[in-house]
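Trainee: turn this into a structure:
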Amino acid sequence: MPVSLDVVFITLAFGLAGFVKGVIGLGLPTIAVGLLGIVMPPVAAASLLIIPNIVTNIWQLAAGPRFKPLVLRLWPMMAGIVAGTLTGAPLLEQQASGWTSLALGAALIAYAGFGLSGIKLTLTARDERVWSPVIGLTTGVMTMVTGVFVVPAVPYLQALDLNKEDLVQALGLSFLVSTLALAAVLVIFGMFPSSVAAGSLLAVMPALLGMAIGTKVRAAISPVLFRHCFFFGLILLGSYLVLRGVANQ
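Mentor: Numbers count the residues shown, from 1 in each chain. Model (predicted):
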């Protein structure tokens, strides 16, 4: 039986999204949804993402060198993400608004431009204790409004001045907690029926293969090049969100 073009397209979309995630530590949901939106409704694309996103973030988290220290350091942020996601659940319907996507994309582009300028944001230990739960709570609410986990979690984690492997592992922890919290909300609201689980499960393999290749690329590049890839990746993600927001106006 011939393989449909849709199956081939979905496989390639998750492979590419996994590769980008392997290189810079983020981007799988945004890239995959953007590409899958060509052949299916956004809700269907988001449903396919749940299992690949959980699996790839578990891998990203487990592959790093400092799992326990990062969990002990970042648990207030993770608790805030869960609380923010549950609190923001009624805002799910706002994801259809083009303004939310446009504003989020513009924020990512501005932050990446700031990062490429060479100016560094640093936080003291006291700042981190105060801001960690606030950043988590805000990230959870923003996830419900935009469907994207990156703001303000990514700028905050980058400001902690982690090395590239610790940063990628911290991003994996943040995205895993965000995905699990989002999945719980979707199940509670009846928006993740069991009928889509098989398709979501099939998308895991191309995502993992792409991520494996991307991870090897990340290991081979210098910290400076990784930093540039990281910020240029944010610019590309932000540009996509801006264009999506304009198209939805």
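Trainee: this protein: helices as residue ranges?
Mentor: Taking DSSP state H, the helices of the chain run over residues 5-24, 28-36, 42-62, 67-87, 98-116, 125-146, 153-159, 164-188, 197-202, 204-220, 223-247.
Trainee: TSV for these, including mean neighbour count?
Mentor: Glycine gets a C-beta too; all of them are placed from N, C-alpha and C. Formatted as TSV, these follow (neighbours: other C-beta atoms under 10 Å):
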stretch	mean neighbour count
helix 5-24	21
helix 28-36	24
helix 42-62	21
helix 67-87	18
helix 98-116	19
helix 125-146	19
helix 153-159	23
helix 164-188	22
helix 197-202	14
helix 204-220	18
helix 223-247	18
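Trainee: redo these as TSV? Include mean pLDDT.
Mentor: TSV is the format used below for these (pLDDT from 0 to 100):
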stretch	mean pLDDT
helix 5-24	88
helix 28-36	79
helix 42-62	84
helix 67-87	95
helix 98-116	80
helix 125-146	91
helix 153-159	90
helix 164-188	91
helix 197-202	82
helix 204-220	94
helix 223-247	85
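Trainee: once you drop chain neighbours, what's closest to L61?
Mentor: Leaving aside its chain neighbours, L61 sits nearest to G172 (3.8 Å; criterion: C-beta to C-beta, 6 or more residues apart in numbering).
Trainee: list the contacts of the one you found.
Mentor: By C-beta atoms under 8 Å, 6 or more residues apart in numbering, the contact set of G172 is G25, N57, I58, W59, Q60, L61, G64.
Trainee: name the nearest residue to the second one, ignoring sequence neighbours.
Mentor: In space, N57 comes closest to L176 once its chain neighbours are excluded; the distance is 3.8 Å by C-beta to C-beta, 6+ apart.
Trainee: and that neighbour, how far from P69?
Mentor: Per C-beta to C-beta, to the nearest Å, L176 is found 17 Å from P69.
Trainee: separation between the closest residue to V71 other than its chain neighbours and L72?
Mentor: Excluding the flanking residues, the one nearest V71 by C-beta to C-beta, 6+ apart is L173, at 6.8 Å. From L173 across to L72, the span is 11 Å (C-beta to C-beta).
Trainee: same question for V145.
Mentor: Distance from V145 to L72, counting by C-beta to C-beta: 30 Å.
Trainee: same deal with I235?
Mentor: As judged by C-beta to C-beta, I235 and L72 stand 33 Å apart.
Trainee: same check on V141?
Mentor: 25 Å.
Trainee: L180: what's it in contact with?
Mentor: By C-beta under 8 Å, 6+ apart, the contact set of L180 is I54.
Trainee: check G115 too.
Mentor: Taking C-beta under 8 Å, 6+ apart, we find G115 in contact with Q158, R227, F230, F231, L234.
Trainee: please name the nearest non-neighbouring residue to V82.
Mentor: Among residues not flanking V82 along the chain, A181 sits closest, at 5.0 Å (C-beta to C-beta, 6+ apart).
Trainee: I'd guessed the one you found sits against G80; true?
Mentor: No: between A181 and G80 there is no contact under C-beta atoms under 8 Å: 10.6 Å.
Trainee: circling back to that earlier point, any idea how far R66 is from the residue nearest to V71?
Mentor: According to C-beta to C-beta, L173 and R66 sit 10 Å apart.
Trainee: over to V177?
Mentor: Distance, V177 to R66, by C-beta to C-beta: 17 Å.
Trainee: also M211?
Mentor: From M211 over to R66 the distance is 20 Å, taken as C-beta to C-beta.
Trainee: contacting residues around the residue nearest to V71?
Mentor: Per C-beta under 8 Å, 6+ apart, neighbours of L173: N57, L61, L70, V71, L74, M78.
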